[in-house]
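1. got a sequence here, can you model it:
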Amino acid sequence: VVDYAFIFEEDTPIQFLEKIKPDFHVKGSEYGNPKDLPEYRTVTKYGGKVKIMQRSNVQEKSTSKMLNKVIERSRRGLNVAATRRYVVRNYIKNKFVLSSITSLGSFLINLNKPIDHKSIKKILIIRAGGASLGDTIYSLPIIPLIRKKYPYAHITYLTRKQLIDLIKHNPYIDKISIYNEEDEITNPFLRQFIPLKLVSELRKEKYDLVIHVDPNLRFYLLTYLAGIPNSVGFDMLKRGFLLTQKVPLPISLERDKHESLWYLDLVKQLDFDFKPTQELMKVHNTKEDDKYAEEFYKKNKLKKSDFIIGMQPGAMAAQRSWTINGYAQIIDLLIEQKKAKVVILGGENDLPRIKEIEKLAKNKPIVNTDANKLQLVALMKWMKLFIGSDSGLSALAGATDVPTIVTYGPGDPMKWDPHPFGDNRSIAVRKELWCSPCHELGYADPKLKAAGKCIRGNPICMTSITVKDVYYAINEMIDRLNGNKII
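-> So this is what the prediction gives:
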């Protein structure tokens with residue numbers, strides 16, 4: 001039974017110990033020798049004793065971790081309660097006909113059947129429902145795992161042309177097909193279902209198995225009409241009634257693990273056991289890309305031994321970007337105190353922000369806005385650390401196995417961490433707010449997302465992140481890397 005609980009903001013409870021003078025002051029075994037504790041002298045001075053309690057699985061029982069769990073659960077509860085009704089209402093309003101058909105289809109049709117793995121000779125992977133860089137990167141681990149499950153099968157990957165760079169040099173893929181948006185039906189109702197031109201093409205290929213990476217009904221219908229006997233995909237909002245193997249998938253609001261782990265559930269459906277590692281996310285580039293990076297760094301008088309830190313101050317959604325002033329101050333701190341070489345990466349859309357940062361920073365960073373995706377991979381190979389927003393470039397840094405520090409506001413680090421497999425090489429910087437991560441912004445309401453607006457008027461989830469917060473994370477990561485003899 002606990003009679004009293006004290007909350008203190010100081011680093012140690014010394015001031016309370018001096019007042020209440022307990023007979024015993026107990027700490028966990030993770031604190032080591034009691035004589036090394038700052039409060040040891042205070043307790044022994046009045047005759048008290050400091051005791052160390054032995055316990056296993058210290059990380060699981062730490063008060064900080066328990067507190068974070070409580071905060072996380074309560075925050076999610078508030079978000080779910082506040083937005084569930086809005087999301088459902090928005091979905092029904094815009095997709096009423098589609099939702100009616102999927103509900104009816106799931107009631108009338110049942111195609112479930114086991115897969116005869118020995119008969120699988122030709123496999124089709126479809127990742128063509130969207131053009132998100134981060135989403136595609138987090139789905140990459142399924143490719144080498146599918147190859148491991150079916151080492152002699154012919155694997156075709158169907159994707160959009162915007163994403164082809166990420167997989168065109170992947171050694172586990174035999175053929176790449178490009179999904180052309182121009183082939184879609186122009187009628188806004190019918191185009192939700194069937195890009196008809198592909199049906200006959202897929203029939204000719206005679207695939208044995210299709211794996212749908214997107215929960216997209218029109219592609220489910222496409223492969224059903226193409227007569228592919230085995231199909232694995234997500235059953236979200238009852239869309240999986242045309243699949244032979246369904247993987248449950250909640251709507252984004254209710255997902256409780258990293259996106260990459262949801263994608264890996266597709267592989268588990270193939271009766272395959274595996275251990276996910278960061279290596280599975282690798283984006284393969286070429287020697288020409290590596291040469292591009294070498295020449296870029298040589299031109300800017302940088303060596304591989306330099307402490308090169310990558311940075312991306314922009315994001316596709318403006319409300320996900322940290323402040324311009326914050327980036328400028330961090331650049332100065334890194335160059336002046338850490339003797340780092342700061343390289344800013346981005347595209348043409350990021351140039352206005354980058355120029356503002358250059359004006360505010362006392363020290364000049366190196367800027368590259370010309371590199372393509374594979375050249376960015378080559379540039380990142382030289383970096384000891386990457387600092388960015390919750391964006392595709394941060395995911396790309398993770399895929400290149402660069403330690404990352406990411407600022408989060410609207411997004412959720414639990415779902416979008418660039419290092420999803422627990423290698424301790426990423427730090428999320430964010431503020432605990434009831435509205436963050438938000439789902440109205442960027443998930444449920446396209447109008448708000450397009451306008452870059454926050455439901456509170458000011459995206460305080462990003463503006464309240466301080467330079468001190470980010471610099472503290474940088475120092476923590478540097479300590480981790482030094483401990484692992486990485487830098």
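2. buried sites along stretch 323-341?
-> Judged by neighbour count using 16 or more other CB atoms under 10 Å, the buried positions of stretch 323-341 are 323-324, 326-335, 338, 340-341. (C-beta placed from N, C-alpha, C; glycine too.)
3. for the record, mean pLDDT for that stretch?
-> For stretch 323-341, mean pLDDT is 95.
4. stretch 139-157 too?
-> On average, stretch 139-157 scores 96.
5. then stretch 114-126?
-> Here the average pLDDT along stretch 114-126 is 95.
6. off-centre distance for it?
-> In terms of CA atoms, centre = their mean, to the nearest Å, the centre of stretch 114-126 is set 29 Å apart from its chain centre.
7. and it, what's buried?
-> Buried-residue list, stretch 114-126, by 16+ other CB under 10 Å: 115, 120, 122-126.
8. if we can go back for a sec, which of the buried residues of stretch 323-341 fall in strands?
-> Filtering these for membership in strands, criterion DSSP state E, returns Lys341.
9. between the buried residues of stretch 323-341, which sits nearest Ser132?
-> Tyr327 (23.7 Å; CB to CB).
10. separation between the closest one and Gly392?
-> 18 Å (CB to CB, to the nearest Å).
11. list the residues that contact Met380.
-> 310, 386, 396-397, 400, 402 (CB atoms under 8 Å, 6 or more residues apart in numbering).
12. again but with Phe296, I slipped
-> Phe296 neighbours (CB under 8 Å, 6+ apart): 368, 371, 379.
13. in TSV: these, plus secondary structure and distance to Arg147.
-> Putting those into TSV (DSSP: H, G, I helix; E, B strand; the rest coil; distance: CB to CB, whole Å) gives the following:
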residue	secondary structure	distance to Arg147
Asn368	strand	33
Ala371	coil	29
Leu379	helix	28
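14. list the contacts of stretch 318-337.
-> If you take CB under 8 Å, 6+ apart as the criterion, stretch 318-337 is touched by 309, 311, 313-315, 340-342, 353, 356-357, 360-363, 365, 387, 389-391, 407, 409-411, 441-442, 452-454, 459, 462-463, 465-467, 470-471, 474.
15. on that earlier part again, out of the buried residues of stretch 114-126, who's nearest Tyr150?
-> Closest to Tyr150, out of all of these and judged by CB to CB, is Ile120, at 5.4 Å.
16. hang on, isn't that closest one packed against Asn230?
-> Yes. The criterion here is CB atoms under 8 Å, and Ile120 meets it with Asn230 at 7.3 Å.
17. give me the common contacts of these two.
-> Contact with both Ile120 and Asn230 is made by residues 208-209, according to CB under 8 Å, 6+ apart.
18. returning to that earlier point: which pair in the buried residues of stretch 323-341 has the greatest spatial separation?
-> With CB to CB as the measure, no two of the buried residues of stretch 323-341 lie farther apart than Thr323 and Lys341, at 22.6 Å.
19. just say helix, strand or coil for Ser231.
-> strand (DSSP: H, G, I helix; E, B strand; the rest coil).
20. could you tell me how many residues sit around it?
-> 25 (other CB atoms under 10 Å).
21. show me what contacts the closest residue to Val213 other than its chain neighbours?
-> Leaving out its chain neighbours, the residue that sits closest to Val213 by CB to CB, 6 or more residues apart in numbering is Arg127, at 4.2 Å. Listed by CB under 8 Å, 6+ apart, the contact partners of Arg127 are 136, 139, 157-159, 163, 213-214.
22. can I get those in JSON lines including neighbour count?
-> Listed next are the contacts of Arg127 as JSON lines, based on neighbours: other CB atoms under 10 Å:
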{"residue": "Thr136", "neighbour count": "23"}
{"residue": "Ser139", "neighbour count": "23"}
{"residue": "Tyr157", "neighbour count": "26"}
{"residue": "Leu158", "neighbour count": "21"}
{"residue": "Thr159", "neighbour count": "22"}
{"residue": "Leu163", "neighbour count": "22"}
{"residue": "Val213", "neighbour count": "26"}
{"residue": "Asp214", "neighbour count": "18"}
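23. format these as TSV; extra columns: distance to Ser177 and secondary structure.
-> Shown next, in TSV, are these (distance: CB to CB, whole Å; DSSP: H, G, I helix; E, B strand; the rest coil):
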residue	distance to Ser177	secondary structure
Thr136	15	helix
Ser139	16	helix
Tyr157	7	strand
Leu158	5	strand
Thr159	8	strand
Leu163	12	helix
Val213	14	coil
Asp214	15	coil
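24. starting at the chain centroid, how far to stretch 330-340?
-> So, by CA atoms, centre = their mean, the centroid of stretch 330-340 is 27 Å from its chain's centroid.
25. same check, this time on stretch 203-216
-> 26 Å.
26. send me it as PDB with only the CA atoms.
-> The C-alpha atoms that make up stretch 203-216 are tabulated as PDB, following Å, rounded to 0.1, in the frame of the first residue of the first chain:
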ATOM      1  CA  ARG A 203      -4.200 -13.900 -68.100                       C
ATOM      2  CA  LYS A 204      -1.500 -14.600 -70.700                       C
ATOM      3  CA  GLU A 205       1.200 -14.700 -68.000                       C
ATOM      4  CA  LYS A 206      -0.600 -17.500 -66.100                       C
ATOM      5  CA  TYR A 207       0.600 -16.500 -62.600                       C
ATOM      6  CA  ASP A 208       0.100 -19.100 -59.800                       C
ATOM      7  CA  LEU A 209       0.200 -16.600 -56.900                       C
ATOM      8  CA  VAL A 210      -0.400 -12.900 -56.500                       C
ATOM      9  CA  ILE A 211       0.500 -10.900 -53.400                       C
ATOM     10  CA  HIS A 212      -1.300  -7.600 -53.000                       C
ATOM     11  CA  VAL A 213       0.700  -5.100 -51.000                       C
ATOM     12  CA  ASP A 214      -2.100  -2.500 -51.200                       C
ATOM     13  CA  PRO A 215      -5.600  -3.000 -49.800                       C
ATOM     14  CA  ASN A 216      -7.100  -2.000 -53.100                       C
END
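27. give the buried residues for it.
-> Buried, per 16+ other CB under 10 Å, within stretch 203-216: 207-216.
28. the residues you listed in helices, which ones?
-> Nothing among those maps onto helices, per DSSP state H.
29. so what touches stretch 345-358?
-> Looking at stretch 345-358 with CB under 8 Å, 6+ apart, the contacting residues turn out to be 310-314, 321, 324, 327-328, 331, 344, 364-365, 367-369, 371, 376, 379, 393.
30. pLDDT weak spots in the stretch 301-450 of the chain?
-> The model of the stretch 301-450 of the chain has pLDDT under 70 over residues 316-317, 439-450.
31. got it, and the stretch 51-200 of the chain?
-> Residue ranges of the stretch 51-200 of the chain with pLDDT under 70: 55-109, 130-131, 181-196.
32. which stretches in it count as strands?
-> 122-127, 154-160, 175-179 (DSSP state E, counting those that start in this stretch).
33. for Lys21, find the nearest of those strands.
-> Closest among the strands of the stretch 51-200 of the chain, using CB to CB: strand 122-127, at 64.5 Å.
34. CA atoms of the closest one as PDB?
-> C-alpha atoms of strand 122-127 as PDB (Å, rounded to 0.1, in the frame of the first residue of the first chain):
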ATOM      1  CA  LYS A 122       5.100 -17.700 -61.200                       C
ATOM      2  CA  ILE A 123       4.400 -15.000 -58.600                       C
ATOM      3  CA  LEU A 124       3.100 -11.500 -59.100                       C
ATOM      4  CA  ILE A 125       3.600  -8.800 -56.500                       C
ATOM      5  CA  ILE A 126       1.400  -5.700 -56.900                       C
ATOM      6  CA  ARG A 127       2.400  -2.400 -55.300                       C
END
